[in-house]
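Q: Dropping the sequence and predicted coords here.
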Amino acid sequence: MGIPDEDIVQVRASTDIVALIGEYTPLKRVGRRFVGLCPFHSEKSGSFSVNGEEGLYYCFGCGAKGDAISFLRAIDGCSFVEAVERLGAKAGIAVRNEAGEQDRKARDERQSLYDAMEKAVDFYHDRLLTHPDAARARQYLRSRGFASDTVRQFRLGWAPEGGSQLTQGIKANRAALTGAGLSTQGSYGLRDVFRGRVIFPIFQADGKAVALGGRLVPGIGDGQGPKYRNSAESRVYQKRSTLYGLNFARQSIVHSGEVIVCEGYTDVIGCFRAGLPRAVATCGTALTDDHFKLLARFGRRIILAFDADMAGQSAAARFYEWEKRFEIEVAVAAMPPGIDPGELATSDPDQLRAAVAGAKSYLDFRVGRAIDTEDLKHPEGRARAAEAAVAVIAEHPSDLVRDQYVVMTADRTRIDTGRLRELLEQARRRHQHGQGRQDPKRGAAQGGTLRSALQDDEPPLRDEDAPPDDIARVARPGPSGSPTRPRATPGQRAGRDALALAIHEPAAMAHRIDEALFADPLQRRAFAALATANNLRGAIEQSDDDVADLLVQLANYDPQAEADQAIVALVRSVATGALGDLQAEAREAQLAGDDGRLRAIGPSVVWLKSQLEVFADVGAGRHPPAPVVEAADLLLGWLRSRQGEDS
């Protein structure tokens, strides 16, 4: 038992797949379809195609394909039921779920946490905007440059100092309040977890509230407790896979192709205020592979906007691994020492924008910092700079990249390239044996608050399962890593156009093509699926993987010919093949001395040659004249009868 088929059909039909996928990658119309960069693999030219009419997508680069439901499953890693329910909610459809009692109970419990958190966000936000006890909090936010429109955009709130005002003020049961981390059991009953703090609501990428961050306000209360307090993890909130601000920033990230990663909530809001609405922050934890996996769905350039230098060799290894694994680029925006993006957004927003615009690759930034800390006017300073730079370069996994930075370092320090390469080999050997640790004093000089974003212990990087997808099947990669596809014959190209037209313009192709026209077995099976199903969706669902893959491709393929051109090209190709077969039979009959067989074949060979001569003057891309179209129809009838004889 699960979601009824009719509800799934209604959700698919009501979902604008172009708008849905456009939230993750920019699309532009090309003919009858939309194209863009594939959100599932890194590419420079768009091979990702979306057919809005049929509700299907296909990547001609990596082979990813499916519909709105499978796209959401693959891109967000959610279950089939969750994908249908999310799309249904967007379309205003009440999706029924006839799952078992245990599954339904678990889903209801999760939903109760979402509902309680949403009510808490509304409660705290209204309190900040309207209640007298929030006056000092409003004054504090104004002093940080947070205007009323910023407060409303990010739904900031105020948690009053009283012990249980939220607990008593919203309609939610005890299990939901404690499960969402909003209330805790005290000596005299439930008490609010957040008290006397400005509230920063934390949302999932899809906009669902899942947690809260609270900051003490100077001059209010006794100032007890940590400066920042975050919700504990729950069934709907995991810090290692949640990024503050992503729900607000995702559209800008998709269209710019880059995301700015900050350390704190106010830094994110500061970036938005400075005209950089593509910033996110971790939620009190280190950057993890789950964070980078999430970010890679929206943008391929990750700009770190922390206020100091990197945190040593272990951090470097992670960043290089993430770059390779998720096919992203990690860059660093050089911030002034001791100033974070939130402060810079208020004091000098132009400098913040310039720092982001001038962000350097991770290795470039680290090498530059290593060299810039020394006085290059003296030989001793140049030697120290070179040694520090080489130690950083040695951590990079690519020989080619390392060598280029050695040359750059030689230019800046005026030390022979060959000597630096020798130092690099020594550093690589130490690095490979786990001895390439930085000097503690030098690490302290280069380290800073960015270290805190990378200091948590994380489990070893693991291989991820392939993204779930109802009908996705990635093409087999060749030696270069790109999917291999055999070169199509003229008949296969003509068959491809004819099948695509049968999908896109069925009225123009009705009764004009037949299985007899498809010499390619896969195309013949695809035609049979289209001919026996009520629609394209039905043909895909009743077909095997290979045929389904071809049909989804063709739904996202613009035919290179009109109906008459495609039919003429296909008939000519098949008829030419038939002529070759007949001529081969005639030669065999002649060699065997079978005059009877030769006399039976001869007229067909002569007639077929004369018919094919009609096609001789029809060039590629030209619309065939009426006599040619009539000859094609005549040949189609002959091919049908011949197929009947063979069967």
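A: Yes, it's here.

Q: contacts for stretch 292-304?
A: Stretch 292-304 is contacted from outside by 24, 39, 42, 75-76, 205, 241, 243, 246, 250, 253-254, 256-261, 278, 280, 322, 325-333, 356, 359, 362, 450, 464, using CB atoms under 8 Å, 6 or more residues apart in numbering. All C-beta spots, glycine's among them, are computed from the backbone N, C-alpha and C.

Q: go with 7 Å
A: Around stretch 292-304, the neighbours that count as contacts under CB atoms under 7 Å, 6 or more residues apart in numbering are 24, 39, 42, 75, 241, 243, 250, 253-254, 256-261, 322, 326-333, 356, 359.

Q: which of those are buried?
A: With burial judged by 16 or more other CB atoms under 10 Å, the buried subset of those is 24, 39, 75, 241, 243, 250, 253-254, 256, 258-261, 322, 326, 328-333, 356, 359.

Q: Spatially central residue in this protein, please.
A: By CA atoms, centre = their mean, the chain has its centre lying nearest to residue 297, at 2.6 Å.

Q: Can you verify that one is assigned to a helix?
A: No. Per DSSP: H, G, I helix; E, B strand; the rest coil, residue 297 lies outside any helix segment and is coil.

Q: can you tell me which of the buried ones among the contacts of stretch 292-304 are in strands?
A: Within the buried ones among the contacts of stretch 292-304, residues falling in strands by DSSP state E are 243, 258-261, 329-332.

Q: Residue 227: neighbour count?
A: A total of 10 residues lie near residue 227 under the criterion other CB atoms under 10 Å.

Q: ok, the residue lying closest to it once chain neighbours are set aside - contacts?
A: Excluding its sequence neighbours, the residue lying closest to residue 227 (CB to CB, 6 or more residues apart in numbering) is residue 216, at 5.5 Å. Residues in contact with residue 216 (CB under 7 Å, 6+ apart) are 196-197, 223, 225, 227.

Q: isn't residue 550 right up against residue 527?
A: No. Checked against CB atoms under 7 Å, the pair residue 550 and residue 527 is beyond contact range at 10.3 Å.

Q: tell me how far the helix or strand encompassing residue 530 is from the chain's mean position?
A: Assigned by DSSP states H and E, residue 530 falls within helix 521-532. Relative to its chain's centre, helix 521-532 lies at 32 Å (CA atoms, centre = their mean, to the nearest Å).

Q: Next: stretch 229-247.
A: Here the centre of stretch 229-247 is set off from its chain's centre by 20 Å, with CA atoms, centre = their mean.

Q: Distance of residue 357 relative to residue 274?
A: Distance of residue 357 to residue 274, given as CB to CB, to the nearest Å: 11 Å.

Q: who's more crowded, those two?
A: Higher neighbour count among residue 357 and residue 274: residue 274, with 22 against 10, using other CB under 10 Å.

Q: and the more buried one, what does it touch?
A: Contact analysis of residue 274 by CB under 7 Å, 6+ apart lists 345, 349, 352-353.

Q: Distance to residue 83, neighbour count and secondary structure added to these, as JSON lines?
A: Shown next, in JSON lines, are those (distance: CB to CB, whole Å; neighbours: other CB atoms under 10 Å; DSSP: H, G, I helix; E, B strand; the rest coil):
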{"residue": "345", "distance to residue 83": "37", "neighbour count": "25", "secondary structure": "helix"}
{"residue": "349", "distance to residue 83": "40", "neighbour count": "18", "secondary structure": "helix"}
{"residue": "352", "distance to residue 83": "38", "neighbour count": "30", "secondary structure": "helix"}
{"residue": "353", "distance to residue 83": "38", "neighbour count": "17", "secondary structure": "helix"}
